[in-house]
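Enquirer: Provide a 3D model corresponding to the input given below.
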Amino acid sequence: MSTSLRLRAGLVSIVLLAAFLGIWHLATRSTGTTTTMSPEYAKLMGLTATQGKSAMPGPLDVGAKLWEHLKRPFYDNGPNDKGLGIQLAYSIARVGTGYLLAVLVAIPLGFLIGMSPLLSKALDPFIQVLKPISPLAWMPLALYTIKDSSVSAIFVIFICSIWPMLLNTVFGVASVRKEWVNVARTLEVGTVRRAFTVILPAAAPTILTGMRISIGIAWLVIVAAEMLVGGTGIGYFVWNEWNNLSITNVIIAILLIGVVGMLLDQILARFTRMVTFPE
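Expert: As a prediction, this is how the structure comes out:
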């Protein structure tokens, strides 16, 4: 991508962000008239009724609250009052554990299936049945059998991460050019060495694309899983703040979920570009 195109794209992004923040600010500013009522009733009803203030916080309110969280990201005042840094750390740890377990299973199994037409035909019906099942549908079964909410969340991440990696690995391995494999056989390269020196480099971009899809799905699912199991994590933080009617904190959590998801995606996108070469 040329420098000129990047600069223009950056300027367009800034303009769109400024327009969004401006519209948000105008839509949430106080426009109503002050209502006269008794002090006790006014205290009960709050600023929404007494001063015409919007129930939705504006960008300035969110920014001020976000700065408070960033100043103390790791405070711990008890089970239901932890800093955003702690909540994100729990979520990232669960996603990382379930995701790595999926990598250890999906990529070797995908290699075996991709290199064996027999296994591919035999296992395809099972994969096609299990793949469409919602990850959250496994949560009750996981809680019943594992009896640990945190481990159950990791299991759900494992289940949702494994299918894109597995299918992309199978496709990447099976799509390696036959000429390359035949040359390796002609040179009497063994199966294991052929897998690592010929098939893996050729299939790496496809495999990493599957890993990139999986990390996005895993980060998406962990929020919903933590809302169900409770305790800790950014998903639980969202649900807990909603129960406290703190819409400002809910918006901040949504923003952080998006930023972390983008960073995880960009890390794997960088790895994908590193192993992609023009033929």
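
Enquirer: in which helix or strand would I find the residue minimising distance to the centre of the chain?
Expert: Geometric centre of the chain, nearest residue: residue 219, 2.2 Å, by C-alpha atoms, centre = their mean. Per DSSP states H and E, residue 219 falls inside helix 200-229.

Enquirer: Counting by contacts, list what that helix packs against.
Expert: helix 84-115, helix 139-146, helix 149-174, helix 234-243, helix 247-274 (3 or more C-beta pairs under 8 Å, 6 or more residues apart in numbering; DSSP states H and E). In this view, the C-beta of every residue, glycine as well, is placed from N, C-alpha and C.

Enquirer: hmm, 6 Å instead?
Expert: Helices and strands touching helix 200-229, by 3 or more C-beta pairs under 6 Å, 6 or more residues apart in numbering; DSSP states H and E, are helix 84-115, helix 149-174, helix 234-243, helix 247-274.

Enquirer: Same list, those helices, but as CSV with mean neighbour count please.
Expert: Shown next, in CSV, are these (neighbours: other C-beta atoms under 10 Å):
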stretch, mean neighbour count
helix 84-115, 20
helix 149-174, 23
helix 234-243, 20
helix 247-274, 15
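
Enquirer: Switch those over to a markdown table; also include distance to residue 226.
Expert: Shown next, in a markdown table, are the helices and strands packed on helix 200-229 (distance: least, C-beta to C-beta, whole Å):
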| stretch | distance to residue 226 |
| --- | --- |
| helix 84-115 | 7 |
| helix 149-174 | 6 |
| helix 234-243 | 3 |
| helix 247-274 | 11 |
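
Enquirer: which stretch among the ones you listed comes nearest residue 59?
Expert: Checking these against residue 59 by C-beta to C-beta gives helix 247-274 as the closest, at 9.3 Å.

Enquirer: So what's the gap between that closest one and the chain middle?
Expert: Computed by C-alpha atoms, centre = their mean, to the nearest Å, the chain-centroid distance of helix 247-274 equals 7 Å.

Enquirer: and if you look at stretch 211-230?
Expert: The mean C-alpha position of stretch 211-230 is separated from the chain mean by 6 Å, C-alpha atoms, centre = their mean.

Enquirer: what's the answer for stretch 238-251, then?
Expert: That offset, for stretch 238-251, works out to 20 Å (C-alpha atoms, centre = their mean).

Enquirer: Show me how this structure divides into domains.
Expert: 2-56, 84-275 (automatic domain parsing).

Enquirer: any chance of those in a markdown table, with distance to residue 78 too?
Expert: As requested, the domains of the chain are arranged in a markdown table below (distance: least, C-beta to C-beta, whole Å):
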| stretch | distance to residue 78 |
| --- | --- |
| domain 2-56 | 26 |
| domain 84-275 | 12 |
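
Enquirer: In CSV, list the C-alpha atoms belonging to stretch 223-240.
Expert: Extracted C-alpha coordinates of stretch 223-240, given in CSV (Å, rounded to 0.1, in the frame of the first residue of the first chain):
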residue,chain,number,x,y,z
VAL,A,223,-17.9,-12.2,26.2
ALA,A,224,-21.1,-14.1,26.0
ALA,A,225,-19.7,-17.0,27.9
GLU,A,226,-18.5,-14.8,30.8
MET,A,227,-22.0,-13.2,31.0
LEU,A,228,-23.3,-16.7,31.6
VAL,A,229,-20.7,-18.0,34.1
GLY,A,230,-20.1,-14.8,35.9
GLY,A,231,-17.3,-14.1,38.4
THR,A,232,-14.6,-12.3,36.4
GLY,A,233,-13.8,-11.2,32.8
ILE,A,234,-14.8,-8.4,30.5
GLY,A,235,-18.1,-10.1,29.6
TYR,A,236,-19.1,-10.4,33.3
PHE,A,237,-18.0,-6.7,33.7
VAL,A,238,-20.5,-5.7,31.0
TRP,A,239,-23.3,-7.7,32.6
ASN,A,240,-22.5,-6.4,36.1
